[in-house]
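Asks: Structure for the following, please:
(one chain, ligands or ions: 2)
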Amino acid sequence: MLKAVLFDLDGVITDTAKFHFLAWRDLGAELGIIVDEAFNEELKGVSRMDSLERILAYGGLADKYSLAEKEAFCTKKNDHYLELIKEMTPADILPGILPLLEELREAGLKTIITSASKNAPGILALLQVKDYFDGIVDPASVAAGKPAPDIFLAGAELAGVQPAECIGVEDAASGVDAIKAANITAIAIGDAAVLGHADRVLTDTSDLALAVLRDTWELAV
Ligand code: BG6
Ligand code: MG
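Replies: Ligands and ions are numbered 1, 2, ... in the order given. The predicted structure is shown next:
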């Protein structure tokens with residue numbers, strides 16, 4: 001039986017990708033690296049430090065900076081990001097998410113946030129949806145980030161169920177990889193050309209509903 005839903009945050013609950021992009025683009029510009037929207041796609045689902053490492057490698061500066069310098073760049077990017085998201089409100093919840101959360105609560109399924117973002121608790125508070133979730137996996141508590149399965153395995157554990165009793169919802173290729181590596185059924189939101197390795201791809205969050213999750217899970221197991 002399907003018992004828990006493991007939710008990515010950025011791009012699933014709310015669209016923060018544009019703010020991550022603006023903050024990385026400006027930091028990149030300071031370092032002389034052009035971060036365009038196409039390259040930014042590769043950063044979706046990737047942790048803050050791993051994103052910086054990818055940007056530096058992309059700009060041919062992989063070995064130029066010390067760890068302390070890189071940590072300072074990450075802090076600078078995050079301060080800018082926090083400034084950009086501070087006006088977020090419940091109006092920024094993506095379509096279909098609130099009705100789905102209501103349905104899941106009614107049906108007694110567990111709901112867990114499995115996001116790479118250290119800002120997840122703050123964003124859920126701004127969106128006023130914290131109470132809909134039974135737990136948030138701390139991304140700092142897992143050994144390896146997406147595409148490794150760790151965060152989704154930790155999500156199943158936090159829900160108190162087996163991975164096979166879960167479905168994961170993601171918008172990033174690295175996130176779908178992570179769900180599948182955890183032997184969990186994956187539902188993806190976005191472009192099927194990028195996310196075709198999920199068990200089902202929906203173009204929009206407004207297509208999400210408990211019946212769709214159950215149907216996808218039953219066909220996959
Ligand atoms: C992911 C985003 O959810 O979280 C990435 O898709 C981001 O773009 C990552 O880099 C880490 O987020 P944060 O908020 O901890 O910098
Ligand atoms: Mg995402």
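
Asks: count of neighbours near the closest residue to I189 other than its chain neighbours?
Replies: Spatial nearest neighbour of I189, chain neighbours left out: D171 (4.7 Å); criterion: C-beta to C-beta, 6 or more residues apart in numbering. Every C-beta, even on glycine, is put in place using the N, C-alpha and C of the backbone. By other C-beta atoms under 10 Å, the residues close to D171 number 25.

Asks: ok, which residues in this protein are in contact with ligand 2?
Replies: D8, D10, G11, D171, A172 (C-beta under 5 Å from the ion).

Asks: Return the residues in contact with the residue nearest to I189.
Replies: D8, D10, G11, V12, K44, G45, A188, I189, G190, L195 (C-beta atoms under 8 Å, 6 or more residues apart in numbering).

Asks: In PyMOL, how would I select just the buried ones from those residues?
Replies: Filtering the contacts of D171 down to the buried ones (16 or more other C-beta atoms under 10 Å) takes a single PyMOL command:
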select buried, resi 8+10+11+12+44+45+188+189+190+195
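
Asks: Between the contacts of D171, which sits nearest T75?
Replies: Nearest to T75 among the contacts of D171, counting by C-beta to C-beta, is D10 at 18.9 Å.

Asks: Please identify which helix or strand holds G145.
Replies: Per DSSP states H and E: G145 is located in neither a helix nor a strand.

Asks: Let me see the contact set for V201.
Replies: Per C-beta under 8 Å, 6+ apart, neighbours of V201: I187, A188, I189, G190, D191, A192, L195.

Asks: Name the nearest residue to the closest residue to ligand 2 within the chain, sequence neighbours excluded.
Replies: Proximity of the chain to ligand 2 (C-beta to the ion) peaks at G11, 3.6 Å away. Spatially, and ignoring its direct neighbours in sequence, G11 is nearest to D171 (3.4 Å; C-beta to C-beta, 6+ apart).

Asks: Ok, A148 next?
Replies: Leaving aside its chain neighbours, A148 sits nearest to A178 (6.2 Å; criterion: C-beta to C-beta, 6+ apart).

Asks: these two touch, right, that neighbour and P139?
Replies: No - using C-beta atoms under 8 Å, A178 makes no contact with P139, being 11.4 Å away.

Asks: Is it correct that the residue of the chain closest to ligand 2 is in contact with K44?
Replies: Yes - G11 is in contact with K44 according to C-beta under 8 Å; the separation is 6.5 Å.
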